[in-house]
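>>> Dropping a prediction and its sequence here:
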Amino acid sequence: MQQVTTEYVRSLNGITQDFLCPVNANIYNIQFLKFRIRDMDSGQTLFEVERDQDEEPIENLPPEYQDEARRIKYHFGPQFFELKTVGAQLTFSVGNKPVKNFTIIERHYFKDHLLRSYEFSFPFCIPNSTNTWEHIYTIPEIDEAMRQEMINNPFQTKSDSFYFVGDQLVMHNKAEYDYSPFD
């Protein structure tokens, strides 16, 4: 497999069809423990998940379940478009190697239209440590016609999240979003 670079993922024109690295590329044993999305203005939690202490790391799952474990679906509802900024707080642990220049590049698309690309960097993680990192996302201006299209087409808004240590892609996750009204 050809090395995937930060420049390459920044140049993508649409969501990737496949994962750009295997699960075993995570040689730093980075494990996501808790994830919370909140409205920065009100502090309201929009989504939260915490890994069960007894849960197997993705690397230990049977191969046929590993890709599914790297995907998540969110249902935020149409009121999400009223928000200005959201915070995504990630608690993660690292294995016995130091992690230098941990970078997340996250690209959000509606169909194949790039809505926004975000990039966040964490300079250093001490080996065998647990870290908490909050990224602040400014919600992009989306015209009313596109908003309605996004509301009318659940899970057609998608994102790829690429995780690099230095220049090496070590993880790749995917998300799909539903902005339709809650039942």
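That came in fine, so what should we check first? Numbers count the residues shown, from 1 in each chain.
>>> Every contact and neighbour count from this point should use C-alpha atoms.
Fine.
>>> What ranges in the chain fall below the confidence cut-off?
1-2 (pLDDT under 70).
>>> Just want the most central residue of it.
Central residue of the chain (C-alpha atoms, centre = their mean): Ser161, 4.3 Å from the mean position.
>>> who are the neighbours of the longest helix along the chain, in terms of helices and strands?
Counting by DSSP state H, the longest helix found in the chain is helix 144-152. Counting contacts by 3 or more C-alpha pairs under 8 Å, 6 or more residues apart in numbering; DSSP states H and E, helix 144-152 packs against no other helix or strand.
>>> Can you name the next helix or strand after that helix?
Per DSSP states H and E, the first helix or strand lying C-terminal to helix 144-152 is strand 157-165.
>>> Quick check: can you name the pairing partners of that next one and their directions?
strand 99-110 (antiparallel), strand 168-178 (antiparallel) (DSSP bridges).
>>> what's the spacing between the shortest one and its chain's center?
For strand 168-178, the gap between its own C-alpha mean and the chain's C-alpha mean amounts to 5 Å (C-alpha atoms, centre = their mean, to the nearest Å).
>>> Okay, angle between it and helix 144-152 too, please.
90 degrees (axes from the mean of the first three to the mean of the last three C-alpha atoms, to 10 degrees).
>>> which outside residues touch strand 168-178?
Strand 168-178 is contacted by residues 3-5, 19-23, 25-28, 70-77, 150-151, 153-164 when judged by C-alpha atoms under 8 Å, 6 or more residues apart in numbering.
>>> and the angle from the helix or strand hosting Asn131 to strand 99-110?
Asn131 is part of strand 130-138 when elements are defined by DSSP H and E. Using the same axes, to 10 degrees, the inter-axis angle of strand 130-138 relative to strand 99-110 is 40 degrees.
>>> Let me see the contact set for Ile58.
By C-alpha under 8 Å, 6+ apart, the neighbours of Ile58 are Val23, Gln66, Ala69.
>>> For it, grab phi and psi.
Backbone torsions for Ile58, taken as degrees, to the nearest 10, come to phi -50, psi -30.
>>> what about it, distance to Val165?
19 Å (C-alpha to C-alpha, to the nearest Å).
>>> Make CSV from the strands paired with strand 157-165 and add distance to Ser11 to it.
Listed next are the strands paired with strand 157-165 as CSV, based on distance: least, C-alpha to C-alpha, whole Å:
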stretch, distance to Ser11
strand 99-110, 10
strand 168-178, 15
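>>> which residues touch the longest helix of the chain?
Under C-alpha under 8 Å, 6+ apart, the answer for helix 144-152 is Gly77, Pro78, Phe81, Phe110, Gln156, Thr157, Asp178, Tyr179, Ser180, Pro181.
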